[in-house]
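[1] Just need the structure, nothing else, for what follows:
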Amino acid sequence: NFTTISYREIMKESKFFHSFFISVQRTVLGTAFTTLVLVLFAYPLSKTRREFSGVNVFKWSAIFCMVFNGGTVPWYITMVNYGMIDSMIGLILCGGLPVFNLILIINFFRLLPDSLEEAAVVDGIEVIGATTLRQVVGYLNGEAEIAPAVPADDEPFDAAATHYAEDFADVRGQMHVKRALEIAAAGGHNVIMVGAPGSGKTMLARRLPTILPPLSPGEALETTKIHSVAGKAGAAGGLMARRPYRAPHHTISQVALIGGGQSPRPGEVSLAHNGVLFLDELGEFDSKAIDAMRQPVEEGFVRINRNMEEMIFPSKTMIVAAANPCKCGYLWDDKRVCTCSRRQLEAHRRRLAGPFSDRIDMHIKVMPIQRDSIGFMNEDMASVQEQTGTSSEEMRRQVMAARAVQEQRYAGTAYSWNGSLDEKGIEIYCKMNEDCRKLLGDAYERYGLSMRACMKLFKISRTIADLAGEEKIRSEHVAEALVYR
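    Predicted coordinates:
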């Protein structure tokens, strides 16, 4: 044939690799010829040149060769390795195609055993991997056996997701912050915590994943795919059982945070998909990088355009941000004096009150911990135990009960939880009585809330009602929601 050589013809040759490279040479020459034809004729006549750009030119060239090639090639060996879950990593044996006689050479002739455990978690397929072409030939001839790959991790999702070293019971005091994070976890709301250095913002954020519901098998598969594409699937292989927690440093670039690059890869916002993205010291991040997060936070995906190609990475993540109230951090501290000038205070306030901050659902004021809440400074340990509050396990049960109500409510709709509601969903599922509307209207005029902030108050009130087991939103739910704005 002009572009390929059949498997049987290769095996007839005494020098296997010599014949193999001859077939590759013929394929390259044929593809180069038809690529030239496509570029000279099809490309100029195309209305949308994206169709013939990049790797699509190579694919169309291969199809062009095979259509005009004629004859039937009885067997093809197509080896795929994208490093992704839904790539058919293994051997695919295809019969002859007498009508179109098409073949596409996908990526490289390379199989990595490290990726087999990822592919093995997909139901309905048998994954067989080889490290050399000689093993492939031996397997096809029946001279060698290669055992199918099996998933590396058979631990149930629930058991793996609830096994954390951190626990909310370790946090002294800050009961109102724990309550706010419980609401955020129950409704999938974004949070920003503003407080002095050392008040426990980072400690609280690290414990947020411990109260989130465990990943469903579908979410685990989706999350693992993203990390696999980015080359961060981990040494253990298999599905990710825990929700991801990403905490990039404030010096991170916009490309590393959002995604992209010369060879586009998912950024931190996509690596935190189905999990938590913690932005510590929000005021120190590059303003352009933070502004670029507005679209991923609202729409739940990142759109990247490179060389007339479009790539979309999911980014449905909970944003948890932490910031100081001023440059020095002691604006609200009763025992320390703030050293910031008026100009510095105004500049810091603008950085925190920008368009991105308006897209954060809940704003929490974190004050320094009082002496009575610190165990080694208090002789009455019973009172200290009361200050610790509930554990992560107890909080998780409350969160999962509220999520179960939302799952039943939004079954068959485009919504997953209260935090994902849009304007139409708020109108349908967040109806309020006259007292609630009056309370919200007074707050709108008194505090100068934006329309977006009011919509978020509706969603937070709906989540508070779900945690209380109430079907209807009451005025006390709205009053508590106002505390978090």
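
[2] ranges for the strands of this protein?
    For the chain, the strands defined by DSSP state E occupy 76-80, 90-94, 191-195, 245-246, 259-260, 265-266, 276-279, 301-306, 309-314, 318-323, 362-366.

[3] So which of the ones you listed is nearest residue 464?
    strand 362-366 (10.9 Å; Cβ to Cβ). Just so you know, the C-beta spots here come from the backbone N, C-alpha and C atoms, and that holds for glycine as well.

[4] Next, the angle strand 191-195 makes with the closest one.
    For strand 362-366 against strand 191-195, the angle by axes from the mean of the first three to the mean of the last three Cα atoms, to 10 degrees is 20 degrees.

[5] For strand 362-366, enumerate the helices and strands it packs against.
    In terms of contacts (3 or more Cβ pairs under 8 Å, 6 or more residues apart in numbering; DSSP states H and E), strand 362-366 is packed against helix 175-187, strand 191-195.

[6] ok, it: who's next to it in the sheet?
    Next to strand 362-366 in the sheet, as set by DSSP bridges, lie strand 191-195 (parallel).

[7] Buried residues in the partner strand, which are they?
    Residues of strand 191-195 classed as buried by neighbour count (16 or more other Cβ atoms under 10 Å): 191-195.

[8] Now do the same contact list for residue 470.
    By Cβ atoms under 8 Å, 6 or more residues apart in numbering, the contact set of residue 470 is residue 477.

[9] Next, give phi and psi for it.
    Phi and psi for residue 470, reported as degrees, to the nearest 10, are phi -100, psi 140.

[10] Report the separation between it and residue 392.
    Distance, residue 470 to residue 392, using Cβ to Cβ, to the nearest Å: 24 Å.

[11] do the same with residue 256
    Separation of residue 256 from residue 392 (Cβ to Cβ) stands at 30 Å.

[12] out of these two, which sits in the busier spot?
    residue 392 (23 against 17; other Cβ atoms under 10 Å).

[13] was I right about the more buried one contacting residue 211?
    Yes. Applying Cβ atoms under 8 Å, one finds residue 392 in contact with residue 211, separated by 5.3 Å.

[14] Contacts only, for residue 287.
    Neighbouring residues of residue 287 by Cβ under 8 Å, 6+ apart: 351, 354.

[15] Can you pull the poorly scored residue ranges out of the stretch 1-150 of the chain?
    Applying pLDDT under 70 to the stretch 1-150 of the chain flags residues 1-27, 29-31, 33-125.

[16] what do you get for the stretch 151-300 of the chain?
    Residue ranges of the stretch 151-300 of the chain with pLDDT under 70: 151-162, 233-238.

[17] in it, which spans are helices?
    Taking DSSP state H, counting those that start in this stretch as the test, the helices found in the stretch 151-300 of the chain are 157-161, 175-187, 201-206, 217-229, 254-258, 268-271, 287-291, 294-299.

[18] Which residues does the second one contact?
    By Cβ under 8 Å, 6+ apart, the surrounding residues in contact with helix 175-187 are 168, 171, 189-191, 193, 200, 204, 207-208, 211-212, 318, 320, 361-362, 364, 366, 387, 389-390, 395, 398-399, 402-403, 406, 417-419, 459-460, 462-464, 466-467, 483-484.

[19] again with the last one
    The set of residues external to helix 294-299 that reach it, using Cβ under 8 Å, 6+ apart, is 190, 258, 269-270, 302-303, 315, 319, 355-356, 359.

[20] Of these, which pair is most distant in space?
    With Cβ to Cβ as the measure, no two of the contacts of helix 294-299 lie farther apart than 270 and 355, at 20.9 Å.

[21] if you count what's nearby, which of the two comes out ahead?
    Ranked by neighbour count (other Cβ under 10 Å), residue 270 and residue 355 place residue 270 first, with 28 against 10.

[22] before we move on, back to that, just the closest of the contacts of helix 294-299 to residue 240, please.
    Of all the contacts of helix 294-299, residue 270 has the smallest distance to residue 240: 13.8 Å, by Cβ to Cβ.

[23] count of residues packed around the nearest residue to the closest one once chain neighbours are set aside?
    The shortest distance from residue 270 to any non-neighbouring residue, by Cβ to Cβ, 6 or more residues apart in numbering, is to residue 313 (4.1 Å). When neighbours are defined as other Cβ under 10 Å, residue 313 has 23 of them.

[24] thought residue 313 was touching residue 268?
    No. With contacts counted by Cβ under 8 Å, residue 313 stays clear of residue 268, the gap being 11.0 Å.

[25] gap between the closest residue to residue 323 other than its chain neighbours and residue 294?
    Here the nearest residue to residue 323 in space, its sequence neighbours aside, is residue 282; by Cβ to Cβ, 6+ apart that works out to 4.3 Å. Note on residue 282: its distance to residue 294, by Cβ to Cβ, is 14 Å.

[26] Those two: which has the busier surroundings?
    A direct count of neighbours by other Cβ under 10 Å for residue 282 and residue 294 places residue 282 higher, at 22 against 14.

[27] sorry, back to before: which residues touch the residue nearest to residue 270?
    Applying Cβ under 8 Å, 6+ apart to residue 313 gives the contacts 226, 259, 266-267, 270, 273, 301-302, 304.

[28] Who is it paired with across the strands?
    Beta bridges link residue 313 to residue 302 when assigned by DSSP bridges.

[29] For residue 267, see how far away it is.
    According to Cβ to Cβ, residue 313 stands 8 Å off from residue 267.

[30] try residue 470
    In this view, residue 470 and residue 267 are 39 Å apart by Cβ to Cβ.

[31] go on, residue 247?
    Going from residue 247 to residue 267 by Cβ to Cβ gives 14 Å.

[32] what about these two, which has more around it?
    Legend: neighbour count by other Cβ under 10 Å for residue 247 and residue 267, higher for residue 267 (30 against 16).

[33] So the more buried one sits against residue 273, correct?
    No. Residue 267 is beyond contact range of residue 273, at 10.6 Å (criterion: Cβ under 8 Å).

[34] Not counting residues beside it along the chain, what's closest to residue 366?
    Counting by Cβ to Cβ, 6+ apart, the nearest residue to residue 366 once its immediate chain neighbours are dropped is residue 195, at 3.0 Å.

[35] Repeat that for residue 210.
    That would be residue 392: by Cβ to Cβ, 6+ apart, it lies 4.0 Å from residue 210.

[36] per-residue confidence for that neighbour?
    Looking at residue 392, its pLDDT is 91.

[37] any idea how far residue 348 is from it?
    Distance from residue 392 to residue 348, counting by Cβ to Cβ: 33 Å.

[38] ok, now residue 272?
    Taken as Cβ to Cβ, the span from residue 272 to residue 348 is 26 Å.

[39] For these two, indicate the residue with more neighbours.
    Neighbour comparison, residue 272 and residue 348: the larger count goes to residue 272, with 26 against 19 (by other Cβ under 10 Å).

[40] Run a quick check on the more buried one versus residue 240, I expect a contact.
    No. If you go by Cβ under 8 Å, residue 272 and residue 240 don't touch, sitting 12.0 Å apart.

[41] who touches both of residue 392 and residue 211?
    By Cβ under 8 Å, 6+ apart, residue 392 and residue 211 have these common neighbours: residue 168.
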